[in-house]
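In: let me see the structure of the following:
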Amino acid sequence: MDLAQIYAPIQHDLDALDGLLRAELASEDPFIGELVAYVLSTRGKLVRPALTCLAAEAIGGGEEERLYLAGTVELIHIASLIHDDIIDEAEVRRGSPTVNVQWGNQLAVLLGDLLFARAFDLISRVRHPQVAPAVAQAAVRMSQAEIKQMEYASEPHEHEGVYLEIIEGKTAALFSAACRGGALLAGGTAPQAAALAEFGLAWGMSFQITDDTLDLTSRPEELGKPIGSDIQGGKVTLPVIHALRCASPADRAALLRLLHLPSADGQVQEVRLLLDRYGAIEYALGVARRYAARAAAALEELPPSPARQSLRALTEFVLVRPR
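Out: Below you'll find the model as predicted:
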């Protein structure tokens, strides 16, 4: 099942969301309008708003408020990417120049701030008392995880638990809040909301582990940015952690030397050879599969519906998708 089929039960929501975001971000200032138009033109697969709306649809409601929540999580995500690109000094995002390359770091920071502010405005219109706190806590966890990632970026490490803690905070927590919020807005029971929160968390973990692995295995045209950018940016991902943990002393020393080098032609290929020697890619994808299976199991709490079928299909898509 491709993404268009998966999104079919909530495609009307995603179409309405595009109009909502353009209306909410509209400005009388032409320059702000240019910045916003550029960001909206380079959005990805809309997985966060899609999961929000599918979670609500699987329960059977939510209507207008689920769009406010979907818009909130998408704006938080876009704003965090803009700020991440500044920190990483990234030049390309989804095949296009990053905002910081186009307009400089100062304007990129301010644009990210504007999107965060608009997200706060949208979530303030959601009346359910548990939804805004859940999203706010996820946003806090995202920031804490990014700080922790920088704390560990200066030296390659073998701590799988630290890596999992980081990706749970920076990625999975927002997916979890989006799914839980969608369920609550649709009038779901406490067990249903908990099941969808678990689905979002486990699916988000699988998503990020697979994403980190694609950084090493995709082609540049699929990835939308240079291959191995995580390694060159100092991020320690699960394949590297596994290889460092399993490598012989000589190979471990060679891998550490490569990871400490400034980015250079051939560096990623040499790293990949060492990772392949210890089955690091296969190991990471195996962990991602276990999280995807956990996400699928959480859906048993929900009644059968096209939306639940789409959520189930996403647990397969997450493992085989292009970037």
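In: residue 14 contacts residue 52, doesn't it?
Out: No. With contact defined as C-beta atoms under 8 Å, residue 14 does not reach residue 52; the gap is 10.3 Å. The way it works is simple: take the backbone N, C-alpha and C, and place the C-beta from them, glycine included.
In: what about those two, which has more around it?
Out: More neighbours surround residue 52 than the other of residue 14 and residue 52, with 35 against 16 (other C-beta atoms under 10 Å).
In: pLDDT value on that one, please?
Out: Looking at residue 52, its pLDDT is 98.
In: that one contacts residue 178, doesn't it?
Out: Yes. If you go by C-beta under 8 Å, residue 52 and residue 178 touch, sitting 4.3 Å apart.
In: which residues do those two both contact?
Out: Here residue 52 and residue 178 have 69, 70, 73 as joint contacts, going by C-beta atoms under 8 Å, 6 or more residues apart in numbering.
In: out of the residues you listed, which sit inside helices?
Out: The helices, defined by DSSP state H, take in 69, 70, 73 from those.
In: on that earlier part again, a markdown table please, covering the shared contacts of residue 52 and residue 178 and showing pLDDT, distance to residue 311 and neighbour count.
Out: Formatted as a markdown table, the shared contacts of residue 52 and residue 178 follow (pLDDT from 0 to 100; distance: C-beta to C-beta, whole Å; neighbours: other C-beta atoms under 10 Å):
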| residue | pLDDT | distance to residue 311 | neighbour count |
| --- | --- | --- | --- |
| 69 | 98 | 16 | 31 |
| 70 | 98 | 15 | 30 |
| 73 | 98 | 16 | 27 |
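In: name the nearest residue to residue 288, ignoring sequence neighbours.
Out: residue 209 (4.1 Å; C-beta to C-beta, 6 or more residues apart in numbering).
In: need the contact list for the one you found.
Out: Taking C-beta under 8 Å, 6+ apart, one finds 167, 238, 284, 285, 287, 288, 291 in contact with residue 209.
In: quick check: the two most widely separated of the residues you listed?
Out: Comparing every pair within the contacts of residue 209 by C-beta to C-beta identifies 167 and 285 as the most remote, at 14.6 Å.
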